[in-house]
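**Q** Just to be clear, the model below is a prediction. Sequence and coordinates:
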Amino acid sequence: MAVKSNKSAESNEINSLPITDVPHRNISVLMNPGTEKRQSMRGFDNDYVDIVDYIVRCTHKIWEEGNLGLIYSHYTHNVLIHTSDGQTMERDKVIGDSAKTFAAFPNMRLYADDVIWSGNDEDGFHTSHRITWTGRNTGYSVYGPPTNKTVVRQGIAHCFVKENYIIEEWICRDELALLLQLGFNPIELAKQMSAQAAARGNKPPALATGEVERLRGQMPLERPTTVSADDPEAFVKTMFEAVWNVRMVGNVNDYYAAHLYARIPGHRMLYGRGNYKAHVLGLLAALPDLAIVIDHQCHVGNEKDGYRVATRWFLNGTHAGPGPYGEPTGKPVTLWGISHHEIRNGKIEREWMIFDVFAMLKQIYWPE
């Protein structure tokens with residue numbers, strides 16, 4: 001069962017660090033935390049000074065320094081891993097999947113862009129770790145022989161952590177960006193891999209048969225009242241409800257700054273509200289009954305310097321309309337996603353919206 005915590009049980013100065021204008025957030029904190037404890041870390045290895053340091057440096061130790069064995073001391077034996085391809089509950093599966101990635105991209109680097117967190121060492125911590133991942137494909141991967149191409153993709157890993165162990169993890173990667181840079185046709189590859197998985201007796205992760213829970217029968221949907229950005233989690237949650245679920249796309253102007261910068265799947269960068277509205281409409285056209293449900297939120301920052309909000313969500317929908325995913329198939333789709341928002345002066349100025357389009361394509365083209 002998923003472990004959830006909506007609010008931090010303590011307030012300390014680290015989650016009020018100011019938002020700066022550098023591309024990689026608070027480099028001096030992320031990569032040079034010092035040795036003095038910045039918060040209580042009962043049960044954690046002594047070299048970790050705070051929860052941000054823990055999640056950044058254990059990631060570096062395991063995946064950049066190649067110490068896969070540290071997964072045994074940083075993940076519980078029955079860790080629950082959520083992806084849009086399904087769930088696993090096995091630490092050795094994490095090690096096996098990591099070995100496959102190392103073999104395919106021996107020089108991979110994981111750059112810590114930001115960590116948004118909540119919690120404490122008594123109840124456990126939630127961390128939302130945004131990463132820019134780079135590597136050159138010089139070995140065999142799950143997609144085939146080496147291409148010798150260098151790729152860049154973004155991802156966000158949300159972890160529930162307690163006493164040095166990751167107990168549960170939700171992983172969202174921009175797999176579409178990876179495949180495009182490797183030179184694959186994502187739709188054709190999705191058809192091929194889905195057929196192979198079905199032939200092995202596997203089941204698709206999305207087996208929905210009911211109506212997407214968004215409408216209220218014949219009753220009209222209520223337009224949510226805009227809340228102040230001084231309550232950043234409620235502000236972002238209300239934005240999702242108004243813009244995505246109630247289809248008030250014009251309300252983008254109420255929530256986003258005119259100079260918005262956004263990252264979306266496919267390694268795409270959007271500038272301005274007009275381009276963001278086109279992104280929303282494109283997804284709604286392909287999945288006309290799309291509904292987004294908020295699963296967890298946390299935030300750091302303050303009113304003066306701005307807030308950074310991490311939101312874990314899932315969407316349900318039906319591939320029933322035109323779009324970049326091919327001709328409508330009528331297939332149900334279920335996806336995890338994680339978004340990071342930066343809020344200043346009452347508006348969202350930056351957004352990272354990460355979800356696995358390739359996982360959705362495999363659901364769409366799973367054999368009947």
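**A** Great, that's in hand.

**Q** quick one: A112 and I81, what's the gap?
**A** Relative to I81, A112 is positioned 20 Å away (criterion: CB to CB, to the nearest Å). In this view, the C-beta of every residue, glycine as well, is placed from N, C-alpha and C.

**Q** Over to L260?
**A** Per CB to CB, L260 is found 32 Å from I81.

**Q** again with A258
**A** For A258, the distance to I81 (CB to CB) stands at 39 Å.

**Q** Repeat that for A285.
**A** For A285, the distance to I81 under the criterion CB to CB works out to 32 Å.

**Q** Pick out whichever of the two has more residues nearby.
**A** Of the pair A285 and I81, I81 is the one with more neighbours under other CB atoms under 10 Å, namely 20 against 13.

**Q** OK, contacts around the more buried one?
**A** Contacts for I81 were tallied using CB atoms under 8 Å, 6 or more residues apart in numbering; they are Q87, T88, M89, K93, V94, E168, E169, I171.

**Q** quick check, it in a strand?
**A** Yes - counting by DSSP: H, G, I helix; E, B strand; the rest coil, I81 is found in a strand.

**Q** Sheet-wise, list the partners of the one helix or strand T311 maps to with their directions.
**A** Secondary-structure element containing T311, defined by DSSP states H and E: strand 306-318. According to DSSP bridges, the neighbouring strands of strand 306-318, each with its direction, are strand 291-302 (antiparallel), strand 332-344 (antiparallel).

**Q** Domain map for this protein?
**A** In terms of domains, the chain is parsed into 13-199, 232-364 (source: automatic domain parsing).

**Q** show me what contacts the nearest residue to K347 once chain neighbours are set aside?
**A** For K347, the nearest residue in space outside its immediate sequence neighbours is A257; the separation is 4.0 Å by CB to CB, 6 or more residues apart in numbering. The neighbours of A257, taking CB under 8 Å, 6+ apart as the test, are R344, N345, K347, I348, E349.

**Q** Let me see the contact set for Y256.
**A** When contacts are counted by CB under 8 Å, 6+ apart, Y256 is found next to R273, Y276, K347, I348, E349, E351.

**Q** Please name the bridge partners of it.
**A** Residues in a beta bridge with Y256, per DSSP bridges, are I348.

**Q** I'd like the distance between it and N120.
**A** According to CB to CB, Y256 stands 32 Å off from N120.

**Q** before we move on, what about F358?
**A** 36 Å.

**Q** Just want to know which of those two has more residues nearby.
**A** A count of neighbours by other CB under 10 Å puts F358 above the other of F358 and N120, at 25 against 19.

**Q** angle of the host helix or strand of the more buried one against strand 306-318?
**A** When elements are defined using DSSP H and E, F358 is found to belong to helix 357-364. An angle of 20 degrees separates the directions of helix 357-364 and strand 306-318 when computed by axes from the mean of the first three to the mean of the last three CA atoms, to 10 degrees.

**Q** and helix 357-364, average pLDDT?
**A** The predicted model gives helix 357-364 an average pLDDT of 95.

**Q** what's next to that helix, contact-wise?
**A** Residues outside helix 357-364 that contact it (CB under 8 Å, 6+ apart): 83-85, 174-176, 179, 186-187, 189-190, 193-194, 197, 204-206, 265-266, 319, 325-326, 329, 331-335.

**Q** rerun at 6 Å
**A** By CB atoms under 6 Å, 6 or more residues apart in numbering, the surrounding residues in contact with helix 357-364 are 84-85, 175-176, 186, 190, 194, 204, 206, 265, 319, 329, 331, 333, 335.

**Q** what's the answer for stretch 43-53, then?
**A** With contacts defined as CB under 6 Å, 6+ apart, stretch 43-53 is touched by I14, P33, K37, R38, Q39, M41, Y54, V115, W117, F125, E163, N164.

**Q** and which of the residues you listed is nearest to V236?
**A** Closest approach to V236 among these (CB to CB): W117, at 16.0 Å.

**Q** In the sheet, which strands lie alongside the strand or helix carrying the closest one, parallel or antiparallel?
**A** W117 is part of strand 109-120, with elements assigned from DSSP H and E. Looking at strand 109-120 with DSSP bridges, its paired strands and their directions are strand 124-136 (antiparallel).

**Q** What separation do you get for F358 and K304?
**A** Counting by CB to CB, the gap between F358 and K304 amounts to 41 Å.

**Q** ranges for the helices of the chain?
**A** With DSSP state H as the criterion, the chain has helices at 27-31, 51-59, 71-74, 91-104, 175-182, 186-199, 232-239, 252-255, 273-286, 357-364.

**Q** Make CSV out of those and add distance to V212.
**A** Converted to CSV, the helices of the chain look like this (distance: least, CB to CB, whole Å):
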stretch, distance to V212
helix 27-31, 39
helix 51-59, 34
helix 71-74, 37
helix 91-104, 31
helix 175-182, 23
helix 186-199, 22
helix 232-239, 19
helix 252-255, 22
helix 273-286, 12
helix 357-364, 14
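
**Q** Relative to H299, which of those helices is closest?
**A** Nearest to H299, of all these, is helix 232-239, at 4.8 Å by CB to CB.

**Q** What average pLDDT does that closest one get?
**A** For helix 232-239, the mean pLDDT works out to 96.

**Q** still on that earlier bit, out of the helices of the chain, the one nearest C159 is which?
**A** Between C159 and the helices of the chain, the tightest spacing by CB to CB is seen for helix 51-59, at 6.6 Å.

**Q** Run the chain-centre distance for that closest one.
**A** Helix 51-59 has its average C-alpha position 17 Å from the chain's average C-alpha position, going by CA atoms, centre = their mean, to the nearest Å.

**Q** mind listing what's buried in that helix?
**A** Of the residues in helix 51-59, those buried under the neighbour-count criterion (16 or more other CB atoms under 10 Å) are I51, V52, D53, Y54, I55, V56, R57, C58, T59.

**Q** can you state the direction angle for it and strand 124-136?
**A** Using the same axes, to 10 degrees, the interaxial angle of helix 51-59 with respect to strand 124-136 works out to 40 degrees.
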